[in-house]
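Enquirer: Got a predicted structure plus its sequence, pasted below:
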Protein chains: 2
Amino acid sequence: MKKPIGIFDSGVGGLTVYKAIRASFPEEDLIYFGDTARVPYGPKSPNTIVEYSVQNARFLIQQGIKTLIVACNTSSAVALDALHELTSIPIIGVIAPGAEVAVRTSHNGRIGVIGTEGTIRSEAYSKAIKALRPEAEVFSFACPLFVPIVEEGWQDHPIAFEVARQYLQELIDLEIDTIVLGCTHYPLLSHIIAKVLGPGISLVDSAEAITQYLGMLIPAEHDGIQGKDSFFVSDNEQKFATLASRILSSNPTTLKRVRLFESWFID
Amino acid sequence: MKKPIGIFDSGVGGLTVYKAIRASFPEEDLIYFGDTARVPYGPKSPNTIVEYSVQNARFLIQQGIKTLIVACNTSSAVALDALHELTSIPIIGVIAPGAEVAVRTSHNGRIGVIGTEGTIRSEAYSKAIKALRPEAEVFSFACPLFVPIVEEGWQDHPIAFEVARQYLQELIDLEIDTIVLGCTHYPLLSHIIAKVLGPGISLVDSAEAITQYLGMLIPAEHDGIQGKDSFFVSDNEQKFATLASRILSSNPTTLKRVRLFESWFID
């Protein structure tokens, strides 16, 4: 029996990570969970991000996964320790691979990081980059409107360009030569980000980097059988299917909604 | 023992409703719940909006409320029936009061409605307006970026103006004379919406209208004792306190975080 690889994200953005893994590991079974009911994670508090991440991981562990990929940057930034307490299977977040590629890419050691409020506030990228290259200078900025702009389908709209210019102007002035797209939604805006930043600044997308890590962690399946895909979301199957078919260039086959037992209590 | 009035919203926007009620009912005890962990409700599916609304109402009912105010337009649009099944106490949503004021305000019977995807998709305003004035023409548009723009604090930014122009241009061409701000966040953008629409179009904010309904439903307290306020949120107490003090022009006194017992299951 093959054991699947589990991937979770706060929503649909992690499909860029799923896509990169599927391309490199055609024989692996993959289970994707998108917490579309509670997206976005970016503005939430660390406590809540940890709680939600643990619930998502627990669900995937119940499905018998052998490895957990945390595709959400915000979860990767604040919840990895809590996830390691939950399970002994290997866990890969997007921060470490992204930081490593950034360090390898940058010539002048001046690296920009953009992400959600939660990711930037955690300083996770900054710490990971400096651990690898202590003299690096890291400049981090939250770009909260990028996610809703992508979800509105306005990635080619002049307003997306104006918002990007507003957020990124300061980074240009700081003479960075590399920028980490520290949110799974941002690669979908990379054409605009590249246009605003101009030539000479490299964009780092951790979806690609994560597949190298994965290759080192797990013995690849070579049974000649095409791996199975299962998709789970907490809301809006139809909307997820539409966005997924745009990102993956094919319809997600098995797609189910997952629900929560819940009732409020005073902390 | 006074019984409090309960108010819930998906987040901080419902404080405009709370503020109007507090001003008209100084002796009532009020309990406000903002579901800041799961905001926004607008893009979520009707099933999920109903689930979350029922959980929020159940929490307020446990606190012994005598009346429930649903300050969230999206919840009011899709969850009122489910809430009435839950409890026999009076429940007031924002749709009916907003529709009534719109019908009273409009001269030419051409009324615009702007709101979240969930509110617009439900056609709740359109149905409520036509029930009161069958010959009215109602033009409804979702404006998904307005909420994140307000939460980013960009309500006076040129980009807010550009986004408003993008969303509202069609409404101007439709020669409406009245527009319903069908989301509790939108009154915080009313200066920009009014500027884009130009003179001759009246803006309807249901926060004011709801207090009239409330006055008809409950016997007002006249015990000469200033009513108490309690605020509960599901996340980010600090951020809520900051935004609340801006909206209310005073700090929320009693503010607690509420949590959920939850675990995923496959539907």
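Expert: Happy to help now that I have it.
Enquirer: A:Thr211 contacts A:Tyr18, correct?
Expert: No - with contacts counted by C-beta atoms under 8 Å, A:Thr211 stays clear of A:Tyr18, the gap being 10.7 Å. Any C-beta I mention is one placed from the backbone N, CA and C, and that applies to glycine too.
Enquirer: Out of the two, name the residue with the larger neighbour count.
Expert: A:Tyr18 (26 against 19; other C-beta atoms under 10 Å in any protein chain shown).
Enquirer: my guess is that one meets A:Ile7, correct?
Expert: Yes - under the criterion of C-beta under 8 Å, A:Tyr18 makes contact with A:Ile7 at 5.5 Å.
Enquirer: Can you pull the residues that touch both of those two?
Expert: A:30, A:32, A:71 (C-beta atoms under 8 Å, 6 or more residues apart in numbering or on different chains).
Enquirer: Not counting its neighbours along the chain, what's nearest the closest residue to chain B within the stretch 101-250 of chain A?
Expert: Taking C-beta to the nearest C-beta as the measure, the point where the stretch 101-250 of chain A comes nearest chain B is A:Pro148, at 4.2 Å. Closest residue to A:Pro148 apart from its sequence neighbours, by C-beta to C-beta, 6 or more residues apart in numbering or on different chains: B:Pro148 at 4.2 Å.
Enquirer: doesn't that neighbour fall inside a helix?
Expert: Yes - checked against DSSP: H, G, I helix; E, B strand; the rest coil, B:Pro148 lies within a helix.
Enquirer: and it, what is it in contact with?
Expert: Counting by C-beta under 8 Å, 6+ apart, B:Pro148 touches A:144-145, A:147-148.
Enquirer: mind running it again at 10 Å?
Expert: Neighbour list for B:Pro148: A:40, A:43, A:144-149, A:151-152, B:40, B:154, B:163, B:185 [criterion: C-beta atoms under 10 Å, 6 or more residues apart in numbering or on different chains].
Enquirer: Tell me the buried residues in whichever strand or helix holds A:Ala82?
Expert: Element membership for A:Ala82 (DSSP states H and E) is helix A:80-86. Using 16 or more other C-beta atoms under 10 Å in any protein chain shown as the test for burial, helix A:80-86 gives A:80, A:82-83, A:86.
Enquirer: ok, for A:Thr178, nearest residue in space, not its chain neighbours?
Expert: Leaving aside its sequence neighbours, A:Thr178 sits nearest to A:Ser106 (C-beta to C-beta, 6+ apart; 4.0 Å).
Enquirer: Check what pLDDT the one you found gets.
Expert: Looking at A:Ser106, its pLDDT is 97.
Enquirer: neighbours of it, just the number please.
Expert: Look at A:Ser106: counted by other C-beta under 10 Å, it has 24 neighbours.
Enquirer: What about A:Pro158, how many residues nearby?
Expert: Neighbour count of A:Pro158, defined by other C-beta under 10 Å: 11.
Enquirer: so what's it closest to, chain neighbours aside?
Expert: Counting by C-beta to C-beta, 6+ apart, A:Pro158 lies nearest to B:Glu162, which is 8.0 Å off, once chain neighbours are set aside.
Enquirer: Surely the one you found touches A:Ile159?
Expert: Yes - if you go by C-beta atoms under 10 Å, B:Glu162 and A:Ile159 touch, sitting 5.7 Å apart.
Enquirer: Next one: the closest residue to A:Val94 other than its chain neighbours from A:Gly14, what distance?
Expert: Excluding the flanking residues, the one nearest A:Val94 by C-beta to C-beta, 6+ apart is A:Ser206, at 4.2 Å. Taking C-beta to C-beta, to the nearest Å as the measure, A:Ser206 falls 11 Å from A:Gly14.
Enquirer: more neighbours, the two?
Expert: Counted by other C-beta under 10 Å, A:Ser206 and A:Gly14 do not tie: A:Ser206 has more neighbours, with 31 against 27.
Enquirer: isn't that one right up against A:Gly93?
Expert: Yes - look at A:Ser206 against A:Gly93 with C-beta under 10 Å: they come within range, at 9.0 Å.
Enquirer: What segments of the stretch 101-250 of chain A are helices?
Expert: For the stretch 101-250 of chain A, helices defined by DSSP state H, counting those that start in this stretch occupy the ranges A:117-122, A:124-132, A:146-151, A:158-173, A:190-197, A:206-217, A:237-248.
Enquirer: Tell me which residues touch the residue nearest to A:Glu137 when sequence neighbours are not counted, please.
Expert: Among residues not flanking A:Glu137 along the chain, A:Arg110 sits closest, at 5.0 Å (C-beta to C-beta, 6+ apart). Contacts for A:Arg110 (C-beta under 10 Å, 6+ apart) come out as A:136-139, A:171, A:174-178, A:201.
Enquirer: Let's have those in a markdown table, adding pLDDT and neighbour count.
Expert: Output for those, formatted as a markdown table (pLDDT from 0 to 100; neighbours: other C-beta atoms under 10 Å in any protein chain shown):
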| residue | pLDDT | neighbour count |
| --- | --- | --- |
| A:Ala136 | 97 | 19 |
| A:Glu137 | 98 | 17 |
| A:Val138 | 98 | 22 |
| A:Phe139 | 98 | 17 |
| A:Leu171 | 91 | 21 |
| A:Leu174 | 95 | 13 |
| A:Glu175 | 94 | 13 |
| A:Ile176 | 96 | 24 |
| A:Asp177 | 97 | 15 |
| A:Thr178 | 97 | 23 |
| A:Ile201 | 96 | 20 |
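Enquirer: The residues you listed in strands, which ones?
Expert: Using DSSP state E, A:137-139, A:178 are the members of the contacts of A:Arg110 that sit in strands.
Enquirer: Any regions of chain A where pLDDT drops low?
Expert: A:220, A:260-267 (pLDDT under 70).
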